[in-house]
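[1] this is a predicted model, with the sequence first.
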Amino acid sequence: MNSNDKSKLKVLIKMILIQQSPKSMTSSQICDIINKHDWGFKTNITSSKIGKLLYSELRKSDYNFMSDIKSKKGKNKLREYYI
């Protein structure tokens with residue numbers, strides 16, 4: 001995934017979580033919403049790519065674009081994300 005796709009994906013994830021707030025969502029649910037539309041990504045967007053991106057962004061200690069996103073273990077022990 002190139003840097004443009006990564007930046008675009010970050011913005012879409014944050015937008016989706018803001019729209020669904022205060023409901024939490026799994027990476028699979030976020031992936032389904034993103035894949036309903038053609039956003040012009042160069043690579044396929046999968047739930048594992050979203051999960052890895054969120055995992056790496058949430059581990060950063062400094063303030064960044066994704067800092068408002070929180071995660072928790074939800075039903076079936078799946079990781080859920082919310083704002």
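    Thanks, I have it.
[2] now do the contacts for S21.
    For S21, the contacting residues are Y82, I83, by CB atoms under 8 Å, 6 or more residues apart in numbering. No exception for glycine: its C-beta is placed from N, CA and C like everyone else's.
[3] no, scratch that, I was asking about M25
    For M25, the contacting residues are I16, L17, E80, Y81, Y82, by CB under 8 Å, 6+ apart.
[4] list the beta-bridge partners for it.
    For M25, the beta-bridge partners are Y81 (DSSP bridges).
[5] pLDDT wise, what is it at?
    Looking at M25, its pLDDT is 95.
[6] quick one: it from K8, how far?
    The gap separating M25 from K8 is 18 Å, by CB to CB, to the nearest Å.
[7] and for D32?
    For D32, the distance to K8 equals 17 Å [CB to CB].
[8] S47 now?
    Per CB to CB, S47 is found 17 Å from K8.
[9] please apply the same query to T26.
    Taking CB to CB as the criterion, T26 is separated from K8 by 20 Å.
[10] re earlier: would you list the contacts of M25 in CSV and tack on distance to D68?
    Shown next, in CSV, are the contacts of M25 (distance: CB to CB, whole Å):
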residue, distance to D68
I16, 13
L17, 9
E80, 15
Y81, 11
Y82, 10
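[11] out of those residues, flag the one nearest to E57.
    When the contacts of M25 are ranked by distance to E57 (CB to CB), Y81 comes first, at 10.4 Å.
[12] wait, the closest one sits on S28?
    No: applying CB atoms under 8 Å as the test, Y81 and S28 come out as separate, 11.1 Å apart.
[13] the two: who's more crowded?
    Set Y81 next to S28 and count neighbours by other CB atoms under 10 Å: Y81 wins out with 25 against 13.
[14] contacting residues for the more buried one?
    I13, L17, S24, M25, T26, S27, I30, L54, I69, K70, S71.
[15] next, count neighbours for N4.
    Burial of N4, expressed as a neighbour count using other CB under 10 Å, amounts to 11.
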